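Asker: can't give you the sequence, but here's the structure:
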């Protein structure tokens with residue numbers, strides 16, 4: 001696991017994503033009040049684990065894997 005990335009942080013991000021249809025990394029960072037750089041690393045890990053997906057609608061968003 002990348003430095004600073006914890007299962008608790010992953011769970012917080014996944015829980016937040018469960019409340020929205022899509023989000024930008026910065027929106028996640030603001031919502032869970034965690035530094036964006038750490039959120040970016042954690043989101044990258046979640047994508048590698050195939051738990052979330054990136055979608056591109058003129059800009060990139062993330063959402064729970066469907």
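Answerer: Received it, and whenever you're ready, just let me know what you need. Owing to the predicted nature of the structure, the values given are computational and were not obtained by experimental measurement.
Asker: from here on, contacts and neighbour counts on C-alpha atoms
Answerer: Noted.
Asker: any weak-confidence spans in this protein?
Answerer: 1-2 (pLDDT under 70).
Asker: how about the strands in the protein?
Answerer: Assigned by DSSP state E, the strands in the chain fall at 52-56, 60-64.
Asker: Nearest approach to residue 18 belongs to which of these?
Answerer: Minimum separation from residue 18 across these (Cα to Cα) falls at strand 60-64, 7.0 Å.
Asker: which residues touch residue 39?
Answerer: Neighbouring residues of residue 39 by Cα atoms under 8 Å, 6 or more residues apart in numbering: 25, 28-29.
Asker: could you flag which of these are buried?
Answerer: Buried members of those, scored by 16 or more other Cα atoms under 10 Å, are 25, 28-29.
Asker: mind giving me a markdown table with these and columns for distance to residue 45?
Answerer: Compiled in a markdown table, those are given as follows (distance: Cα to Cα, whole Å):
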| residue | distance to residue 45 |
| --- | --- |
| 25 | 13 |
| 28 | 15 |
| 29 | 15 |
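Asker: Mind checking which of those are in helices?
Answerer: 25, 28-29 (DSSP state H).
Asker: Which of those sits closest to residue 6?
Answerer: Checking those against residue 6 with Cα to Cα, the nearest one is residue 29 at 14.8 Å.
Asker: Now the closest one. Nearest residue, chain neighbours left out?
Answerer: residue 36 (5.2 Å; Cα to Cα, 6 or more residues apart in numbering).
Asker: what about the one you found, how many residues close to it?
Answerer: Residue 36 has 15 neighbours, counted by other Cα atoms under 10 Å.
Asker: do the same with residue 62
Answerer: For residue 62, the count of nearby residues is 19 (other Cα under 10 Å).
Asker: for it, which residues make a bridge with it?
Answerer: residue 23, residue 54 (DSSP bridges).
Asker: That one is in contact with residue 47, isn't it?
Answerer: No: Residue 62 is beyond contact range of residue 47, at 9.1 Å (criterion: Cα atoms under 8 Å).
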